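S.K.: Task: produce atomic coordinates for the following.
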Amino acid sequence: MQALHGEGLPPAWRAYGAMLLRRRRGLRGGDALPRIERSATGLQLDPAWLAAYRAIVGLAPEAAEGRSAVPPLALQIAAAPLHLSILADAAFPFRAFGLVHVAQRVEQIAPLRPQERFALSAFTGPVRPARRGVEFDLITEVQADGRCAWRGITTAVSLGAAGVPTAVSAAATAPAEGAPWQTIAHLAAPEPLGRRYAAIAGDLNPIHQHALLARPFGFDRAIVHGTWTLARALAAAGWPRTPAFVLEARFRRPVLLPSDLLVAVRSAADAEELRVTSPDGATLHLTAAMLAAPVPSDSGFPTTRAR
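M.R.: The predicted model follows:
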């Protein structure tokens, strides 16, 4: 299903072909991740795709006039053609299949309307050591009305990759203690969910498709995309509540399919917090915080807090 219409979108089939055929050497001698960038202009979200996305993450159908904002993670998912093209680039050092999404940050200055036209750019960011390999950032920006309106920072881990000194990833740190949690939703993640969401997200990573395909990458069963877990939990919590916000999330443990999940929330001094756990609370899958609205920098975009 095609998410975007516009100019300069690279074809997904070409990216998948390059991912399958190109050998990846990893990083050597502490090399930096090369900056690889893609962009497209004159873009508009496909209404049928947006409706399918809203449905699978538990959001109500869009009103006919389309006045509400595009959901927080929809732009991240719609930018898949740019992301795939970056991962398929000859200069990208890691194997794309098997990458695990471990963290997500979203900074929104102004909401985007469903019929609004915009431009997208995506580029690679810093690389860091992680507990099970090497992690890197993939940054996506949306320009509308002549300024940056939205930014997503995806952090992914290349499992078993080498090239930087061993250390513990920041994404693996434990959440802080605070006020009691209030359970707000019980969610079901059935076995076909990974394939259904992948068809909408344009992501054919085998770890989401079937247990037999996920096992070579270290998973007993297929796992659902972290962006589905986060978006579904946000929908259950009714987040975001303001047009401008900063969302930070950490994917702590993969959600194996099928699974049942609990969503809980609590308030903190400077943020609202959310978590997703197993029904007995023993397994923490996801933590997220909705922070105060970002303060624009001189460039019209908020300064990203260091990880």
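
S.K.: what about residue 154, helix or strand, and which?
M.R.: strand 147-159 (DSSP states H and E).

S.K.: May I see the buried residues of the next helix-or-strand element following that strand?
M.R.: Next along the chain after strand 147-159, taking DSSP H and E as the criterion, comes strand 182-189. Within strand 182-189, the residues that count as buried by 16 or more other Cβ atoms under 10 Å are 185, 187, 189. Where you see a C-beta, it was placed from the backbone N, CA and C, and this is true even at glycine.

S.K.: Strand 182-189 packs against which elements?
M.R.: Using 3 or more Cβ pairs under 8 Å, 6 or more residues apart in numbering; DSSP states H and E, the elements in contact with strand 182-189 are helix 226-237, strand 259-267.

S.K.: Just put these in a markdown table and tack on mean neighbour count.
M.R.: Shown next, in a markdown table, are those (neighbours: other Cβ atoms under 10 Å):
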| stretch | mean neighbour count |
| --- | --- |
| helix 226-237 | 24 |
| strand 259-267 | 18 |
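
S.K.: export these to a markdown table and tack on mean pLDDT and distance to residue 281?
M.R.: Formatted as a markdown table, the helices and strands packed on strand 182-189 follow (pLDDT from 0 to 100; distance: least, Cβ to Cβ, whole Å):
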| stretch | mean pLDDT | distance to residue 281 |
| --- | --- | --- |
| helix 226-237 | 97 | 15 |
| strand 259-267 | 97 | 7 |
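
S.K.: Make TSV from these and add distance to residue 78 to it.
M.R.: Below are the helices and strands packed on strand 182-189 laid out as TSV (distance: least, Cβ to Cβ, whole Å):
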stretch	distance to residue 78
helix 226-237	11
strand 259-267	24
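
S.K.: related to what we said a few turns ago, I'd like to know which elements the strand holding residue 154 is packed against.
M.R.: Checking 3+ Cβ pairs under 8 Å, 6+ apart, strand 147-159 ends up next to helix 74-78, strand 100-108, strand 118-130, strand 133-144.

S.K.: That one: how far from the chain's middle?
M.R.: 7 Å (Cα atoms, centre = their mean, to the nearest Å).

S.K.: What pairs with it, parallel or antiparallel?
M.R.: strand 100-108 (antiparallel), strand 133-144 (antiparallel) (DSSP bridges).

S.K.: that older thread, tell me the one of the buried residues of strand 182-189 nearest residue 135?
M.R.: residue 189 (24.5 Å; Cβ to Cβ).

S.K.: what's near enough to touch the residue nearest to that closest one when sequence neighbours are not counted?
M.R.: In space, and not counting its chain neighbours, residue 189 is closest to residue 259: 4.6 Å by Cβ to Cβ, 6 or more residues apart in numbering. Neighbouring residues of residue 259 by Cβ atoms under 8 Å, 6 or more residues apart in numbering: 188-189, 224, 278.
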